[in-house]
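> model the structure of this input:
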Amino acid sequence: MTEESVVRMLVSERVKILGFIQSIVRRFDIAEDVFQDICVLALEKRETIPDEAHLFNWLRSSARLRAMNVLRKRQERQKALDDDILESLEEDWREQDADITALSAEAVRHCIEQLAPAARELVRMRYRENKEYRELSKLFKRPVPSLYVTFSRIHAVLADCVSRRLASEGGGYV
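Modelled structure (predicted):
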């Protein structure tokens, strides 16, 4: 995985992972420290992780192990949730993540189809073909800053569309 894709995942899943860690350690400051540790590890190990699905599972497993180790070192194990409860929570979270991911993917597909053809082509080339802004600039004969503005607008339109779609079809998952 690229550094960019790992960072993108870390940013997009930050709240979920922090919540998971905090449910183990019970303190936000410690949860933040654990999250920062696994961010560094994820970037170091990115070349051994094949895709986003594996990365997300790796993040959750690493977060759990790191959080439990922190508690052991601080001798606060008695304050942590029981392993059976943690395992049950993890299963529930995985199921919810799968549901939300499927809904989100469908919403993104729908919203991309609603874009103007030129915007759809830009999105396809940028994200499916992994073209850099410099390459797109040459292909479309547009300055890079202009493309940044265009993508910023596309992202805003997509975010709004996806939010509305998820709220209407997914029972409020936003």
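> where do the helices sit along this structure?
In the chain, helices defined by DSSP state H lie at 3-12, 14-25, 28-44, 52-73, 83-114, 117-123, 133-140, 144-169, listed in chain order.
> okay, domains of the chain per the record?
1-81, 90-174 (automatic domain parsing).
> redo the ones you listed as a markdown table? Include mean neighbour count.
Any C-beta I mention is one placed from the backbone N, CA and C, and that applies to glycine too. What follows is the domains of the chain, written out as a markdown table (neighbours: other C-beta atoms under 10 Å):
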| stretch | mean neighbour count |
| --- | --- |
| domain 1-81 | 15 |
| domain 90-174 | 13 |
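> by mean pLDDT, show me the worst of those domains.
If the domains of the chain are sorted by mean pLDDT, domain 90-174 sits at the bottom with a mean of 80.
> hmm, F28 is touching Q22, no?
Yes - at 5.9 Å, F28 counts as touching Q22 under the criterion of C-beta atoms under 8 Å.
> L147 touches L139, doesn't it?
No - with contact defined as C-beta under 8 Å, L147 does not count as touching L139 (10.2 Å).
> any idea how far H54 is from the nearest residue to L10 once chain neighbours are set aside?
Closest residue in space to L10, ignoring its immediate chain neighbours: C39 at 5.4 Å, by C-beta to C-beta, 6 or more residues apart in numbering. Using C-beta to C-beta, to the nearest Å, one gets 16 Å for the distance from C39 to H54.
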